[in-house]
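Asker: structure for this input, please:
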Amino acid sequence: MFLKNLSKATLKAIYQATILENPYIPFIPTDKQLEFLLGFDKETLYGGAAGGGKSVALLMAALMFAQAPDYRALILRRNYAQLALPGALIDMAHEWLHSTDAKWNDSKKKWVFPSGATLNFGFLDSEKDKYRYQGSAFHFVGFDELTQFTQSQYTYLFSRNRKIEGSRIPLRFRSTSNPGGIGHDWVKNRFITETKEGRIFIPAGLSDNPHLNKKDYIKNLDELDPVTRKQLKDGNWDIAPGGNFFKREKFEITEDYPAKARTVRFWDLAASEASPGKNPDYTAGVRICEYKGVYWVVDVIRKRLPPTGVEELIRQTAELDGIYTEIFMEQEPGSSGLNTISHYARNILQGFCFKGVKSTGSKITRAKPLASAVENSNVKLVKGSWNREFIEECVVFPQQGFHDDQVDAASGAFEQLSGKGSGQIITEKLDRSSRITRGY
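Answerer: All right, here's what the predicted structure looks like:
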């Protein structure tokens, strides 16, 4: 937010003196960066999505008053290694300043300017590192990737943000960050959820940076898991990893599963077809087997098809799974759900072990037994092309805005295998090693 009590002429003069004619700032800021630079609120957070020019904006902000006598600026990362990476802030500062009259002090990690001003680089790796700055005074304190810091580290540095009486240099706390990280919640609450005078959030993303090769960068971001992708690509602060139901590292990938295991496939049918501008649910069928208290997710099918296509898919899958794979399907409430199950039993899956199952409780409640088994390392995934999408859906569950069809189907299959389901068809132990081959 620009200073409301300053005229346009005064703002233009500040811009001219501190940015355009500043020998230490080699670039013209973008519109969003300029908003960040010429806003003199006490605290400002800049960013959201990746690629918005956050680090450049932070370094520009730190250098704005480098020609003022005794100006002191401090830029912090969580650890020194992050500051020193190629293309990171120390490297960027060297690129900007090496040919100027500023001098680098390597032992103290700071730039010294002819005016007597200094630009210092520091870190807060542990909680006690904040006391490294005890006794120091800075006009400018900048945090790069604020969500990597704790709130106490951030607020302690306010005690270092001070100046002598009569100084015209503004006191500024400036931060950049993407969503995510250990400090996600407190940063979101401080700058986005709560509103307070003197505390500003400036969202910026790919579209705000004309210098970035957006096409290639978007392709890279699309390779990320769904949560990180929405955080970095869209700057989404409302999304975080799900309710800690499923942890990525708990899914063990195996090459095979026991031949003697009891096997079921559970289907969760989509309510509508895909169409332009819509993002409906998928039809998902998850096949799980159990042997001696351990569960293997053998296969996952996830498709968007019209009703006739779904029927053909389910019939074909039953043929491939074989007659010893029990088939269950979620039965929607009311007569329409009953009619659907009756139709599948008479016309689609006749000759197979098939039954409809009425769902009880919320999706979260139904997923808890499976999540508990995963947490206790009792669920394994048989290696397949479906592994990645299945795991990604699990780790974001139960976030709003994401599909949960695979989780629902897996929860249903697990419920039937664990003996807690109401739709069990085959109760005797099956020794299929002599009667059926996998994949038939």
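Asker: and the gap between Asp222 and Gly53?
Answerer: Distance of Asp222 to Gly53, given as CB to CB, to the nearest Å: 21 Å. C-betas here are computed from N, CA, C, even on glycine.
Asker: higher neighbour count, those two?
Answerer: More neighbours surround Gly53 than the other of Asp222 and Gly53, with 25 against 9 (other CB atoms under 10 Å).
Asker: pretty sure the more buried one sits against Ile28.
Answerer: No - the criterion here is CB atoms under 8 Å, and Gly53 misses it with Ile28 at 11.6 Å.
Asker: now the stretch 201-350 of the chain, which segments are flagged as low pLDDT?
Answerer: 208, 211-212, 214, 225-227, 240-244, 271-279 (pLDDT under 70).
Asker: all strands in it, in order from the N-terminus.
Answerer: Here the stretch 201-350 of the chain has its strands, by DSSP state E, counting those that start in this stretch, at 252-254, 262-268, 283-291, 294-303, 325-331.
Asker: of those, which is nearest Gly39?
Answerer: Counting by CB to CB, Gly39 lies closest to strand 294-303 out of the strands of the stretch 201-350 of the chain; the figure is 46.4 Å.
Asker: just checking: what are the partner strands of the closest one?
Answerer: Strand 294-303 has these partner strands in its sheet, going by DSSP bridges: strand 283-291 (antiparallel), strand 379-382 (parallel).
Asker: what's the neighbour count on the closest residue to Ile14 other than its chain neighbours?
Answerer: The shortest distance from Ile14 to any non-neighbouring residue, by CB to CB, 6 or more residues apart in numbering, is to Leu38 (6.6 Å). Residues within reach of Leu38, counting by other CB under 10 Å, total 20.
Asker: now do Lys358
Answerer: Using other CB under 10 Å, Lys358 has 13 other residues around it.
Asker: residue contacts, the spatially closest residue to it that is not a sequence neighbour?
Answerer: Excluding the flanking residues, the one nearest Lys358 by CB to CB, 6+ apart is Gln331, at 5.0 Å. Taking CB atoms under 8 Å, 6 or more residues apart in numbering, we find Gln331 in contact with 337-338, 340-341, 356-359.
Asker: ok, now with 6 Å
Answerer: 337, 341, 356-358 (CB atoms under 6 Å, 6 or more residues apart in numbering).
Asker: Tyr80 now?
Answerer: Residues counted as contacts of Tyr80 (CB under 6 Å, 6+ apart) are Phe123.
Asker: how about 10 Å then?
Answerer: Applying CB atoms under 10 Å, 6 or more residues apart in numbering to Tyr80 gives the contacts 90, 109, 121-123, 125.
Asker: so which of those residues wins on neighbours?
Answerer: Ranked by the number of neighbours (other CB under 10 Å), the contacts of Tyr80 place Phe121 first, at 23 neighbours.
Asker: pretty sure it belongs to a strand, no?
Answerer: Yes - counting by DSSP: H, G, I helix; E, B strand; the rest coil, Phe121 falls inside a strand.
Asker: which residues does Thr155 contact?
Answerer: Counting by CB under 10 Å, 6+ apart, Thr155 makes contact with 130, 173, 186, 190.
Asker: now it. Its backbone dihedrals?
Answerer: Torsion angles at Thr155 (phi, psi; degrees, to the nearest 10) stand at phi -70, psi -30.
Asker: so what's it scoring on pLDDT?
Answerer: Predicted confidence (pLDDT) for Thr155: 95.
Asker: can you pull out the strands in the stretch 1-150 of the chain?
Answerer: In the stretch 1-150 of the chain, the strands defined using DSSP E, counting those that start in this stretch lie at 43-48, 72-77, 103-105, 110-112, 118-123, 140-144.
Asker: quick one: strands adjacent to the second one?
Answerer: Right, strand 72-77. Each strand paired with strand 72-77, and its direction, by DSSP bridges: strand 118-123 (parallel), strand 140-144 (parallel).
Asker: just put these in TSV and tack on mean pLDDT.
Answerer: What follows is these, written out as TSV (pLDDT from 0 to 100):
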stretch	mean pLDDT
strand 118-123	96
strand 140-144	97
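Asker: any idea how far Ala61 is from the residue most central in space within the chain?
Answerer: The residue lying closest to the centre of the chain (CA atoms, centre = their mean) is Thr228, at 2.6 Å. Thr228 sits 27 Å away from Ala61, going by CB to CB.
Asker: one step back: quick check: which of the strands paired with strand 72-77 is buried the most?
Answerer: Stretch with highest mean neighbour count among the strands paired with strand 72-77: strand 140-144 (a mean of 25; mean count of other CB atoms under 10 Å).
Asker: nearest to Thr325, out of the strands of the stretch 1-150 of the chain?
Answerer: Distance to Thr325, taken as CB to CB, is lowest for strand 43-48 among the strands of the stretch 1-150 of the chain, at 46.8 Å.
Asker: what average pLDDT does the closest one get?
Answerer: For strand 43-48, mean pLDDT rounds to 90.
Asker: same question for stretch 124-135.
Answerer: Computed over stretch 124-135, the mean pLDDT rounds to 90.
Asker: first-to-last residue distance for it?
Answerer: For stretch 124-135, the first and last residues are 16 Å from each other (CA to CA, to the nearest Å).
Asker: next: stretch 24-43.
Answerer: This stretch, stretch 24-43, spans 23 Å end to end (CA to CA).
Asker: identify each buried residue in it, please.
Answerer: Across stretch 24-43, burial judged by 16 or more other CB atoms under 10 Å covers 24-25, 29-30, 32-43.
Asker: what lies in contact with the helix ranked longest in the chain?
Answerer: Using DSSP state H, we find that the single longest helix of the chain is helix 307-321. Helix 307-321 is contacted from outside by 263-265, 267, 269-270, 273, 283, 285, 287, 298-299, 301, 303-306, 325, 327, 329, 340, 343-344, 347-354, 436, 438-440, using CB under 10 Å, 6+ apart.
Asker: equivalent analysis for stretch 378-387, please.
Answerer: Residues from elsewhere that reach stretch 378-387 (CB under 10 Å, 6+ apart): 246, 250-257, 286-290, 293-302, 370-374, 390-391, 394, 406, 410, 414, 438.
Asker: all set, thanks.
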